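1. how would this look folded up:
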Amino acid sequence: MDRRQFLSGTTTLAALSLAGSQAFAQAAGAPEKASLKLGVGGRPLLYYLPLTVAERKGFFKEEGLTVEINDFGGGAKSLQSLIGGSVDVVTGAYEHTIRMQAKGQMIQAVCELGRFPAIAVAVRKEKAGEIKSPADFKGRRIGVTAPGSSTAILAQFAMVKAGLKPNDAAFIGIGGGAGAVAAMIKGEIDVISHLDPVIAKLEEDGLISTLIDTRTEAGTKALFGGSNPAAVVYLKSDFVSANPNTVQRLVNAHVKALKWLAAATPEQVADLVPTEYHLNDKPLYLKAVKNSLESYSRSGLVPQGGQESVLDMLRTIDPELAGAKIDLAQTFNGSFVRRATS
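-> Numbering: from 1, shown residues only. I've put the predicted structure just below:
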């Protein structure tokens, strides 16, 4: 799919999304909780760009919400903060809703932000001759945003598919910004499983050789055999039940962000985000944004096939989930997106 096709598909939905969210906002009552704490694991990453757009464009404020964004080292840490009660909502990987249900914690996604993982797995250029596929990851040091985060889980899934065990490599948390680039430059890791703009920066500098690329639909299908949803907005299920107006307005803001992204140019995105997101290389950031446009959700809804794909991935790498009874219908509540786009 090229950029023109992507924009064609998103622009129609986006127009409906904005009109629908504005109409619902006018009809909805006041938010039950107008001030929210939100957790995110690596805010500068393009994986979380819809969140940055919602904040920088003032969409939260338009919906009557004050959102304090807490940036953690990885998605697993954001999840821990939600469970611990220090944040109300998280933008993070959809897979967390499944993993927590298996542990008896009901977490519910309410809006899809990314329809592909947008994660690339790459090897240090000088080791490309000896590390040619995930089958060669045994005993290697793999840099991820944080152990237990989606970057680690995707790499583990690739290892299992290649005949290894999930713990056959050492997973090292390197964060989500310039520190991740530095870890590769310093030789602290052999392999990296990460996102743009980190991957784009390492590729541009000729430091890595990419083995797996789920920034595109083709790359995602090559690894998973189909779709595999990525970033979502998720909360505790009891919070969703107790605060429907708040959640609706939160979803409205993110739907507006997806709409804005559908029509935005890479230059507009680069001008919107904080300059430190560019990693001191704005032209490269523009390239990374252009390459990422295909990965953002076009509907805000997690498809059934995508839910099943993520569950299959988790069961492949996690023995605790292999026999667990999971009700996928409880992991995603699409009613808020449907109201925002109807």
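2. my guess is residue 51 contacts residue 40, does it?
-> Yes. Residue 51 is in contact with residue 40 according to CB atoms under 8 Å; the separation is 6.1 Å. C-beta here means a position set from N, CA and C on the backbone, and glycine is covered the same way.
3. who touches both of those two?
-> 69, 91 (CB atoms under 8 Å, 6 or more residues apart in numbering).
4. pick out whichever of the two has more residues nearby.
-> residue 40 (27 against 22; other CB atoms under 10 Å).
5. in the sheet, who's paired with the more buried one?
-> As for beta bridges, residue 40 partners with residue 71, residue 91 under DSSP bridges.
6. which ones are touching it?
-> Residue 40 sits in contact with 48, 51, 69, 70, 71, 72, 78, 90, 91, 92, where contact means CB under 8 Å, 6+ apart.
7. now name the helix or strand holding residue 288.
-> helix 282-292 (DSSP states H and E).
8. contacts for that helix, please.
-> 3, 46, 49, 118, 196-197, 199-201, 204, 215, 266-267, 269-270, 277-279.
9. and the gap between residue 327 and residue 101?
-> As judged by CB to CB, to the nearest Å, residue 327 and residue 101 stand 7 Å apart.
10. comparing the two, which shows the higher neighbour count?
-> residue 101 (21 against 9).
11. isn't the more buried one up against residue 325?
-> No. Here residue 101 does not reach residue 325: they are 9.2 Å apart, not a contact under CB under 8 Å.
12. what's the domain layout of this protein?
-> Following automatic domain parsing, the chain resolves into domains at 3-116+229-341, 119-213.
13. for residue 222, which of those is the nearest?
-> domain 119-213 (7.8 Å; CB to CB).
14. got the end-to-end distance for the closest one?
-> 6 Å (CA to CA, to the nearest Å).
15. which residue ranges of the stretch 101-250 of the chain form strands?
-> Using DSSP state E, counting those that start in this stretch, the strands of the stretch 101-250 of the chain run over 107-112, 119-124, 141-144, 170-173, 191-195, 208-213, 231-236.
16. next up, the contacts around residue 307.
-> Counted by CB under 8 Å, 6+ apart, residue 307 has contacts 94, 229, 328, 331, 332.
17. the first one touches residue 328, doesn't it?
-> No. Residue 94 sits out of contact with residue 328 when judged by CB under 8 Å, with a separation of 10.4 Å.
18. more neighbours: which of the two?
-> Comparing residue 94 with residue 328 by neighbour count (other CB under 10 Å), the higher total belongs to residue 94, at 26 against 15.
19. check the gap between the more buried one and residue 231 for me.
-> 8 Å.
20. give me the common contacts of the two.
-> Joint contacts of residue 94 and residue 231 (CB under 8 Å, 6+ apart) are residue 112.
21. can you list the weak-confidence ranges in the stretch 1-150 of the chain?
-> Scanning the stretch 1-150 of the chain for pLDDT under 70 picks out 1-28.
22. ranges for the helices of it?
-> In the stretch 1-150 of the chain, the helices defined using DSSP state H, counting those that start in this stretch lie at 3-27, 49-56, 59-62, 75-84, 95-102, 150-161.
23. and the last one, what does it pack onto?
-> Spelled out, that is helix 150-161. Contact here means 3 or more CB pairs under 8 Å, 6 or more residues apart in numbering; DSSP states H and E; on that basis helix 150-161 packs against strand 89-93, strand 119-124, strand 141-144, strand 170-173, strand 191-195, helix 217-224, helix 304-317.
24. off-centre distance for that helix?
-> The chain centre lies 15 Å from the centre of helix 150-161; the measure is CA atoms, centre = their mean, to the nearest Å.
25. please apply the same query to the third one.
-> Going by CA atoms, centre = their mean, the spacing between the C-alpha centre of helix 59-62 and its chain's C-alpha centre is 21 Å.
26. how close does the closest residue to residue 74 other than its chain neighbours get to residue 322?
-> Spatial nearest neighbour of residue 74, excluding adjacent residues (CB to CB, 6 or more residues apart in numbering): residue 146 at 2.3 Å. Applying CB to CB, the value for residue 146 to residue 322 is 24 Å.
27. next: residue 74.
-> Here residue 74 is placed at a distance of 24 Å from residue 322 (CB to CB).
28. filter the contacts of helix 282-292 down to just the ones in helices.
-> 3, 49, 199, 200, 201, 204, 266, 267, 269, 270 (DSSP state H).
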